[in-house]
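[1] Would you be able to build a 3D model of this:
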Amino acid sequence: MSAAPLSPAEAGYHFPPGFLWGTATAAYQIEGAASADGRGPSIWDTFSRRPGAVWNGDTGDIACDHYHRVDEDLELMTRLGVRSYRFSVAWPRIQPDGRGPANQRGLDFYRRLVEGLRARDIEPTLTLYHWDLPQALEDQGGWTARDTAERFADYVAVVSRALGADVARWITLNEPWCSAWLGYGSGRHAPGVADIGRAAAATHHLLLGHGRAVEVLRAAVPSAPVGITLNLGVHRPGTPDPLDVAAARRADGNLNRLFLEPIFHGRYPEDMLQHYRDDEPGFSVVRDGDLDQIAAPLDFLGVNYYFPDTIMDAGRSHEARVAGYGVPLGEQFPDLRVLSLETPGSDTTSMGWEVDASGLTELLVRIKSEYTDLPILITENGAAFDDYVDPNGRVLDHERETYLHEHLVAVHDALDAGVRVIGYFVWSLLDNFEWSLGYSRRFGIVWVDFPTGARLPKASYDWYADVIARNAVDKMGDLGEGPR
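    I've put the predicted structure just below:
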């Protein structure tokens, strides 16, 4: 009797030929050299000096010192075998005051980086904005001011003229939800403003800046693919109660639909416009023609995914406990009236984020069904754990290997469902400055000793190198127990 054919979970998961394997970083989180070679201050330089704003008073002044150790980091990528590196350009390194002529020394650094990648057959994937707005522009209203979208377009013109065809693909914005809602809504991120109306206005001006950037890039580098990266999630109601279903819908509207609908359907969701109708300035800043510009055609969508959310109405904390959920994780924005819940028995990362890779498949299938059939890049996916260097000088981060493995299987499931996922970027190459959490969380597949800057590849680095080399992940439950 012949043996039964192996199921996909038994045989392993192979990715399509040409699948783009990469890793990602962000300028303020790794570069350091905060005042070197003409760089001006950003909102994160200012915010991190506000007492109590960042864990332990940490700043990005030195970070991973990537600015001075770029060649070492390029070699780490070469050994890893990635086909692409996603990095961001620091706006205040190019225009210290957010406007005017380029700072040539800043451009020279990114020219060196791009040329170093090309010399190693690694495609540069360039993010134009990863949260480091020049402080001079924030002093004039930041993203709550329409003029910042115009200044962003000017900056994009400078960078695209300088680096042009050597960049393989361009990303306009990284996670505009975080810039708007953590920066201007909750105040947990720079610039530290807590005003719902200003967060809504910032949402629109960020998206307008994106639309203007697409126009500039199409003119400057017409053959280069252009996209945007959104942090998107899955919001599951904790119970079938209509109040919880409605709460999950509100959470989805704020995180997902408020960005996906204008970009792909040329409109803001009506329920969200109604929700924010009394918040000033809010969406009163929208002008005729803006949404047409925001909906300019793209070549790909970047998706950042880390965890799903279980949601209940804010007035139902007692019912959440009765339903068996853990302590509610709290309300980020009181106006949404939602509780994010901890599922009992679930694995979590050191960020407190639930590990559930099925949410990634669910999200990707939804994007294809409701919004776009564009190619999708997973531009960030990864996890922070309590890593340490053991007595043998190794970082055996097997929890991270498991997390990445499960999420790559989820990507493969989305491919099987017909979603055009064309690449995957691990977040992050290096342990780095984790925004308001400073250096207290480690996301890297490479350990960084921050006092010295020394790099040490973790077990997950070797695991990911093996995945890239084979263009496949092993069957479920067959992860190795150490560096290969």
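[2] Where does the prediction get shaky in the stretch 1-150 of the chain?
    Scanning the stretch 1-150 of the chain for pLDDT under 70 picks out 1-11.
[3] Helices of that one, start to end?
    Using DSSP state H, counting those that start in this stretch, the helices of the stretch 1-150 of the chain run over 8-11, 27-30, 43-47, 70-80, 91-94, 104-119, 135-138, 147-163.
[4] Quickly note the distance from the spatially most central residue of the chain to Asn392.
    In the chain, the centroid-proximal residue (Cα atoms, centre = their mean) is Asn304; its distance is 4.7 Å. Between Asn304 and Asn392 the distance, using Cβ to Cβ, to the nearest Å, works out to 34 Å. In short, each C-beta sits where N, CA and C put it, glycine included.
[5] what's the answer for Arg83, then?
    32 Å.
[6] Compare the two (neighbour count), which wins?
    Legend: neighbour count by other Cβ atoms under 10 Å for Arg83 and Asn392, higher for Arg83 (17 against 6).
[7] how about the strands in the stretch 251-400 of the chain?
    Counting by DSSP state E, counting those that start in this stretch, the stretch 251-400 of the chain has these strands, from start to end: 300-304, 309-313, 338-341, 376-381.
[8] so how far is the shortest one off the chain centroid?
    Using Cα atoms, centre = their mean, to the nearest Å, we find the averaged C-alpha position of strand 338-341 to lie 22 Å away from the chain's own average C-alpha position.
[9] tell me the contacts of Ala320?
    Taking Cβ atoms under 8 Å, 6 or more residues apart in numbering, we find Ala320 in contact with Gly238, Met312, Pro328, Leu339, Leu341.
[10] Check pLDDT for those and point me to the minimum.
    Across these, the bottom pLDDT score, 67, is held by Pro328.
[11] Can you check the pLDDT for the closest residue in space to Ala102 that isn't next to it in sequence?
    Nearest in space to Ala102, with sequence neighbours left out and distances taken as Cβ to Cβ, 6 or more residues apart in numbering, is Val158 at 4.8 Å. On the pLDDT scale, Val158 is placed at 98.
[12] got the contact list for Val158?
    So Val158 contacts Ile94, Gln95, Ala102, Leu107 (Cβ under 8 Å, 6+ apart).
[13] Show me the two of the contacts of Ala320 that sit farthest apart.
    Gly238 and Pro328 (9.7 Å; Cβ to Cβ).
[14] and Ser428, backbone torsions?
    phi -140, psi 170 (degrees, to the nearest 10).
[15] Pretty sure Cys64 is one of the things it touches, is it not?
    No. Shown here, Ser428 and Cys64 do not form a contact pair, counting by Cβ atoms under 8 Å, at 9.9 Å.
[16] more crowded one of those two?
    Cys64 (27 against 24).
[17] Excluding chain neighbours, give the residue nearest to that one in space.
    Counting by Cβ to Cβ, 6+ apart, the residue nearest Cys64 is Ile30, at 4.3 Å.
[18] gap between the one you found and Leu377?
    20 Å.
[19] Give me the distance between the residue nearest to the centre of the chain and Ile378.
    Where Ile378 is concerned, Asn304 sits at a distance of 8 Å (Cβ to Cβ).
[20] about what we covered before: so can I have JSON lines of the contacts of Ala320 showing neighbour count and distance to Ala357?
    Listed next are the contacts of Ala320 as JSON lines, based on neighbours: other Cβ atoms under 10 Å; distance: Cβ to Cβ, whole Å:
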{"residue": "Gly238", "neighbour count": "25", "distance to Ala357": "20"}
{"residue": "Met312", "neighbour count": "25", "distance to Ala357": "23"}
{"residue": "Pro328", "neighbour count": "19", "distance to Ala357": "24"}
{"residue": "Leu339", "neighbour count": "26", "distance to Ala357": "23"}
{"residue": "Leu341", "neighbour count": "24", "distance to Ala357": "19"}
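[21] of all these, which comes closest to Asp416?
    Looking across the contacts of Ala320 and measuring by Cβ to Cβ, the closest to Asp416 is Gly238, at 29.1 Å.
[22] From what I see, the closest one and Tyr325 are in contact.
    Yes. Contact status for Gly238 versus Tyr325: in contact at 6.2 Å, counting by Cβ under 8 Å.
[23] which residues do the two both contact?
    Common contact partners of Gly238 and Tyr325 (Cβ under 8 Å, 6+ apart): Thr310, Met312, Leu341.
[24] Would you convert the residues you listed into a markdown table that also reports distance to Tyr184?
    Output for the shared contacts of Gly238 and Tyr325, formatted as a markdown table (distance: Cβ to Cβ, whole Å):
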| residue | distance to Tyr184 |
| --- | --- |
| Thr310 | 26 |
| Met312 | 26 |
| Leu341 | 26 |
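[25] And the residues you listed, which is closest to Gly209?
    For those, the nearest to Gly209 is Thr310 (33.2 Å; Cβ to Cβ).
[26] So Gly116 sits against Asp73, correct?
    No. Gly116 lies out of contact with Asp73 (Cβ under 8 Å); the separation is 9.2 Å.
[27] of these two, who's got more company?
    For Gly116 versus Asp73, neighbours defined as other Cβ under 10 Å are more numerous around Asp73 (22 against 19).
[28] Hmm, that one is touching Leu430, no?
    Yes. Asp73 is within contact range of Leu430, at 7.2 Å (criterion: Cβ under 8 Å).
[29] Give the next helix or strand downstream of the helix with the most length in the chain.
    If you go by DSSP state H, the chain has its longest helix at helix 196-220. As assigned by DSSP states H and E, the chain's next helix or strand after helix 196-220 is strand 226-231.
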